[in-house]
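[1] need a structure here:
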Amino acid sequence: MIVLTHLHPQRGQMRVSGGFEALERDAHELGLTCQRLRYRDMDIAGQLETLELDVAFLNSGVMAPALYDAVHAALAVKRIRLFNTPEDNRTLMRFERFYPLIADLTATSAIVRSVDDVGAALERVGLPAFAKGSIISAKAHGWDACVLADERAVRERAAALRLDQVLVLRQLLPLRRTGVSGDFPTSREYRFYLLDSQELGHGYFWPGSDPYGVLAGPELADARAVVQAASVRIGCPLIAVDVGQLQDGTWKVIEIGDPQHTGVMHMPRRSFFAGLDAYARERL
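    Numbering: from 1, shown residues only. A predicted model of the protein is given here:
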């Protein structure tokens, strides 16, 4: 198996970049083939001359679709395939693509493309509403950056959208709170990694340990049932599913993503790669 790492040159000290670099180190130590891709260099083929028939994991921050396409095409010429095709990657990374597939498993949501959409969206979601982009949220900037309390705030956010942007409004869920991370209230959330809907591993989403104890028994079974349903419906090979526990003990999907862009910080990275490598060897 090949691990291709693509990092922003100025972000080596950031927490998420540190996760990508640690992932690359663990891959080296496990004897996997590792190669760095030059940042935003579209000459992908010229960087892959020594590689041949294999399966590749793209260890990278969120990547522009055109660059992901270029990496996928250059690898295909060498008979190397990524775990997720460009179509898979877009489905996993764009909320408006995966939400219709799992609407009943997650918070009621609405897509706003312009101010004209705000009225209908708020009728569906209500206020206050959690607001995010198609790919990422502003959790790092605190609760007030994410939660819009009134229609005026929603309209201002919608008016600032560019043509290629959407605003996602989500109903606030009664999550089981666990504390605070920076200026953001944390909940009992877990990230699960799956390959062909088979679990590779999982871990508590927030820094530190779960204050309610290790997820096990019926609670783990209930969380896994929701995760499994989401994975099967979305149908992409390699997937990350974040789930949160509500105050009544049930679970809802919080977020979906492509593990190639997460840094894999919520389970032992060596176990993660061992699972991917075994899968790759079976298919060569």
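[2] how close does the closest residue to residue 61 other than its chain neighbours get to residue 84?
    Closest residue to residue 61 apart from its sequence neighbours, by CB to CB, 6 or more residues apart in numbering: residue 261 at 6.1 Å. All C-beta atoms are positioned from the backbone trio N, CA, C, and that covers glycine. Applying CB to CB, to the nearest Å, the value for residue 261 to residue 84 is 10 Å.
[3] next one: residue 182
    Going from residue 182 to residue 84 by CB to CB gives 31 Å.
[4] between those two, tell me which one has more neighbours.
    The residue with more neighbours, out of residue 182 and residue 84, is residue 84; 23 against 11, by other CB atoms under 10 Å.
[5] wait, a strand at the more buried one?
    No. Using DSSP: H, G, I helix; E, B strand; the rest coil, the secondary structure at residue 84 is coil, not a strand.
[6] relative to residue 8, how far out is it?
    Applying CB to CB, the value for residue 84 to residue 8 is 21 Å.
[7] and residue 145, by the same measure?
    22 Å.
[8] ok, residue 163 next?
    Going from residue 163 to residue 8 by CB to CB gives 25 Å.
[9] who has more neighbours, the two?
    Of the pair residue 163 and residue 8, residue 8 is the one with more neighbours under other CB under 10 Å, namely 14 against 6.
[10] what sits against residue 20?
    Neighbouring residues of residue 20 by CB atoms under 8 Å, 6 or more residues apart in numbering: 5, 7, 59-61, 263.
[11] now those residues in TSV, with distance to residue 41, secondary structure and pLDDT?
    What follows is the contacts of residue 20, written out as TSV (distance: CB to CB, whole Å; DSSP: H, G, I helix; E, B strand; the rest coil; pLDDT from 0 to 100):
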residue	distance to residue 41	secondary structure	pLDDT
5	13	strand	93
7	12	coil	84
59	16	strand	95
60	13	strand	93
61	15	coil	90
263	21	coil	83
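[12] buried subset of the residues you listed as a ChimeraX selection?
    The buried subset of those, as determined by 16 or more other CB atoms under 10 Å, is captured in ChimeraX by this line:
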select :5,7,59,60,61,263
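[13] make JSON lines from the contacts of residue 20 and add distance to residue 99 to it.
    Compiled in JSON lines, the contacts of residue 20 are given as follows (distance: CB to CB, whole Å):
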{"residue": "5", "distance to residue 99": "30"}
{"residue": "7", "distance to residue 99": "29"}
{"residue": "59", "distance to residue 99": "26"}
{"residue": "60", "distance to residue 99": "24"}
{"residue": "61", "distance to residue 99": "22"}
{"residue": "263", "distance to residue 99": "24"}
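[14] which SSE is residue 27 in?
    For residue 27, the enclosing helix or strand under DSSP states H and E is helix 15-29.
[15] just the CA atoms of that helix, as PDB, please.
    Extracted C-alpha coordinates of helix 15-29, given in PDB (Å, rounded to 0.1, in the frame of the first residue of the first chain):
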ATOM      1  CA  ARG A  15      -2.800  20.300  15.300                       C
ATOM      2  CA  VAL A  16      -4.400  18.800  12.200                       C
ATOM      3  CA  SER A  17      -1.200  19.000  10.200                       C
ATOM      4  CA  GLY A  18       0.600  17.300  13.100                       C
ATOM      5  CA  GLY A  19      -1.900  14.500  12.800                       C
ATOM      6  CA  PHE A  20      -1.000  14.100   9.100                       C
ATOM      7  CA  GLU A  21       2.700  14.100   9.800                       C
ATOM      8  CA  ALA A  22       2.200  11.500  12.600                       C
ATOM      9  CA  LEU A  23       0.200   9.400  10.200                       C
ATOM     10  CA  GLU A  24       3.000   9.500   7.700                       C
ATOM     11  CA  ARG A  25       5.600   8.500  10.400                       C
ATOM     12  CA  ASP A  26       3.600   5.500  11.500                       C
ATOM     13  CA  ALA A  27       3.200   4.500   7.800                       C
ATOM     14  CA  HIS A  28       7.000   4.600   7.400                       C
ATOM     15  CA  GLU A  29       7.500   2.500  10.500                       C
END
